[in-house]
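[1] Give me coordinates for this.
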Amino acid sequence: MKKQFAATFKILVVILLILAMFPVRILAVGGSASRREVSLRYLSNWPSGPELNSRSAILIEMNSGEILFAKNEDEKRYPASITKVMTALLAIENCKMDEKVTFSHAAVTDLEEGGYNGYYKEGEELTVEQCLYGLLLESVNECGYALAEHIAGSVPAFAEMMNARAEQLGCTKTHFNNPHGLNDENHYTTAHDMAKIFWACLQNEKFYEIDSTLTYKIDPTEKNPEGFSMKMHHKMMQSGSDYYYEGVKAGKTGYTSIAKNTLLTYAEKDGVELLCVVMKGDGGGAVYSDTKALLNYGFKNFSMVDMTENVTNFIAGLNLANSMPVKVVGSSLFYLPNGVDSLVLKLDKKGAFDEDGTIGNLIFSFGDEKLTALPVVIDEEALREREATKPAETETAGEGESGESKEGTTKSPDETEPASESIPSREESKGGGLRKVLLILVAAAVVAVAALVVIKRVKANKIRAQKRKEILERFRNNKSQ
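    Here you go, the predicted structure:
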């Protein structure tokens, strides 16, 4: 037994070492986990965007949070079937995938004319996961209705959940009234709000797994002996379509007579992740053409500028002079117009600490134009480490007491002047991060092995208890004879 667990542990350690060398992304897609938005379209050299047929649109680079293009993004629109991404998100967040969903009479009849799929019958039983494939690939309204009843008991109750979740995601002009998006004057949103919802959906692994699938089959059921065959409706994902666009990985189509055509699209190329929403287009071809124009605009006119190392060096310089260690909160990635590769960093200090420990903001500028600002806060972890390892000393006065701002300009990470010789290099910083990840993973492996030992012991104890019971029964039987 000991040899078996020792061998298992060694294998786990080797696997974890490999994972540490080649980190695996936890989120499916979706760029920055914070979903922080930045709009820099006021910059004088910002590329002009394409002319669109669709009445509303928005294009976001998801790693930097940059809003690259927007047209009437905050005007209220009817979403049609792109509503279903919110329905799917709530189903994934509130259900197990193997839960059985029963299609009620209302689920297959309480829909407007033209809103029926026809293959889903009253009394049909499918799993939540199967319903989600029907919902996102084939846009089956009955699946949305059945999921709503399964989760909340009724469509009105589910709509309340949809609206509460939308508010959590920062939506300000959205009101959902049904789970499928069929015509309803009290069912509306905006391109901007739909971008926030779709962004959150893409960061859910199960959602992305389903929404990036091209075809799916469900085996025959009692109500449908032929089973169900499904195909993704988004034509930019279909390699044989005239609208196919390389790099489009997920999305959702929509259409009603009032909403007209709507389209959600996620595309990725060389680490750049674009989220596109177009609403109220005149015809399916129009929303695909508009989306293609926006994706071309986003991929061809901008480049990623990674200021992470520059910020690290800048903050390291501050920490050498300050008795109170600080750090920057937020992403230092920028997706900027081609040719912009030099940014200015400046610390704008506050007179006193905020309650959350914010001492000021790190300002990113291009020329005379301010791009954005990230909060600079007290680094509590570094402070604890410093106090634990350093003997009591007299605090040295530095820039933290002077109140002066520190400024620096950088062209590229290689040209950045380090604040001092003690500032860690990029390789050293990366190595430290890998060591921390490795320690965490090894600890997880130890816990896993310990859990296996406990499970083995529990099983062994059960077997022994069963044997004791059998022996006792035989003893009683023999005694009674």
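[2] and the next element down the chain from the host helix or strand of K196?
    If you go by DSSP states H and E, K196 is part of helix 191-202. Later in the chain than helix 191-202, the nearest helix or strand by DSSP H and E is helix 205-211.
[3] Tell me who's in contact with the residue lying closest to R41 once chain neighbours are set aside.
    Here the nearest residue to R41 in space, its sequence neighbours aside, is I67; by Cβ to Cβ, 6 or more residues apart in numbering that works out to 6.8 Å. Yep, even glycine has a C-beta here, placed from its N, CA and C like the rest. With contact taken as Cβ atoms under 8 Å, 6 or more residues apart in numbering, I67 is in contact with 37-41, 58-60.
[4] what separates the residue most central in space within the chain from I315, distance-wise?
    For the chain, the residue nearest the mean C-alpha position is Q203 (2.2 Å; Cα atoms, centre = their mean). Distance of Q203 to I315, computed by Cβ to Cβ, to the nearest Å: 27 Å.
[5] What of D290?
    To I315, D290 is 42 Å away according to Cβ to Cβ.
[6] Against which helices or strands is the helix holding K196 packed?
    Packed against helix 191-202 by the contact rule (3 or more Cβ pairs under 8 Å, 6 or more residues apart in numbering; DSSP states H and E) you find strand 56-61, strand 66-71, helix 84-94, helix 205-211, strand 260-269, strand 272-281.
[7] follow-up on the earlier one: out of the contacts of I67, give me the one that has the most neighbours.
    Across the contacts of I67, neighbour numbers were computed from other Cβ atoms under 10 Å; I60 holds the maximum, 29 neighbours.
[8] I'd guessed that residue sits against E37; true?
    Yes: with contacts counted by Cβ atoms under 8 Å, I60 reaches E37, the gap being 7.0 Å.
[9] quick check: domain ranges of the chain?
    As given by automatic domain parsing, the domain ranges for the chain are 1-26+434-481, 56-300, 305-423.
[10] hey, which of those is tucked in deepest?
    Most buried of these by mean neighbour count (mean count of other Cβ atoms under 10 Å) is domain 56-300; its value is a mean of 20.
[11] Now do the helices in the stretch 301-450 of the chain.
    Under the criterion DSSP state H, counting those that start in this stretch, helices of the stretch 301-450 of the chain are mapped to 308-321, 380-389, 399-402, 426-480.
[12] check contacts around A191.
    Here A191 is in contact with 56-58, 70-75, 77, 277-279 (criterion: Cβ under 8 Å, 6+ apart).
[13] Identify the farthest-apart pair in these.
    D74 and V278 (14.7 Å; Cβ to Cβ).
[14] Do a quick rundown of the strands in the stretch 1-150 of the chain.
    Secondary structure of the stretch 1-150 of the chain (DSSP state E, counting those that start in this stretch): strands at 56-61, 66-71, 100-102, 125-127.
[15] out of those strands, nearest to T372?
    strand 66-71 (9.5 Å).
[16] Dump the C-alpha coordinates for that closest one into CSV.
    Provided in CSV are the C-alpha atoms of strand 66-71 (Å, rounded to 0.1, in the frame of the first residue of the first chain):
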residue,chain,number,x,y,z
GLU,A,66,-10.7,48.5,-24.5
ILE,A,67,-13.9,49.6,-26.2
LEU,A,68,-12.5,49.9,-29.7
PHE,A,69,-15.8,50.9,-31.5
ALA,A,70,-19.3,51.8,-30.4
LYS,A,71,-22.4,53.0,-32.2
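[17] ok now it, how far from the chain's centre?
    Centroid displacement of strand 66-71 relative to its chain, using Cα atoms, centre = their mean, to the nearest Å, is 19 Å.
[18] and Y244, backbone torsions?
    Backbone geometry at Y244, expressed as degrees, to the nearest 10, gives phi -60, psi 140.
[19] swap in P220?
    phi -50, psi 140.
[20] Once you drop chain neighbours, what's closest to it?
    The spatially closest residue to P220, leaving aside those adjacent along the chain, is G227, at 4.3 Å (Cβ to Cβ, 6+ apart).
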